[in-house]
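[1] Here you go, sequence then predicted model.
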Amino acid sequence: QVQLVESGGGLVQAGGSLRLSCAASGRTFSSYVMGWFRQAPGKEREFVAAISRSGGVTRYTDSVKGRFTISRDNAKNTVYLQMNSLKPEDTAVYYCAADRFASGRPPPAVPSEYDDWGQGTQVTVSS
């Protein structure tokens, strides 16, 4: 099992930026596909972005393309989500997740494909 700890959430005005971080425990972080998901009140958890083990392949949901960037630093066991041009509809609890059994397929966008989850960090975007 992998422990994941998110940080970097907060309150920001529309058009602003935030950078989320997710620190992972363990020695095999570089073997995990990592993803970011979010959940707004009354809504299901939805995919935001994912990144391959090496960082060479990324995947985004359409609503954040061009605004969010996922990256990772395997030496620091950390995955990041840079969020620019934030909108009120981005307001949610953001979770990072680890897929410990990733194969060569593209990073998955389905929550059930991920094995470990962080506790989440709140992002609130005011209009």
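    Structure received. Numbering: from 1, shown residues only.

[2] What segments of this structure are helices?
    For the chain, helices defined by DSSP state H do not occur.

[3] so where's it uncertain?
    Scanning the chain for pLDDT under 70 picks out 104.

[4] Report the separation between the residue most central in space within it and Arg27.
    Central residue of the chain (CA atoms, centre = their mean): Trp36, 2.1 Å from the mean position. Separation of Trp36 from Arg27 (CB to CB, to the nearest Å): 22 Å. Every residue, glycine included, has its C-beta placed from N, CA and C.

[5] Gly35 now?
    20 Å.

[6] Please compare those two by neighbour count and tell me which comes out ahead.
    Taking other CB atoms under 10 Å, Gly35 and Arg27 do not tie; Gly35 has more neighbours (28 against 7).

[7] wait, that one sits on Asp115?
    No: judged on CB atoms under 8 Å, Gly35 makes no contact with Asp115 at a distance of 10.8 Å.

[8] what residues are shared contacts of the two?
    Taking CB atoms under 8 Å, 6 or more residues apart in numbering as the contact rule, Gly35 and Asp115 both touch 97-99.

[9] if we can go back for a sec, run through the bridge partners of the residue nearest to the centre of the chain.
    Applying DSSP bridges to Trp36 yields these beta-bridge partners: Ala49, Cys96.

[10] thinking again about what came up before, make TSV from the shared contacts of Gly35 and Asp115 and add distance to Leu11 and neighbour count to it.
    Formatted as TSV, the shared contacts of Gly35 and Asp115 follow (distance: CB to CB, whole Å; neighbours: other CB atoms under 10 Å):
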residue	distance to Leu11	neighbour count
Ala97	24	25
Ala98	27	26
Asp99	30	22
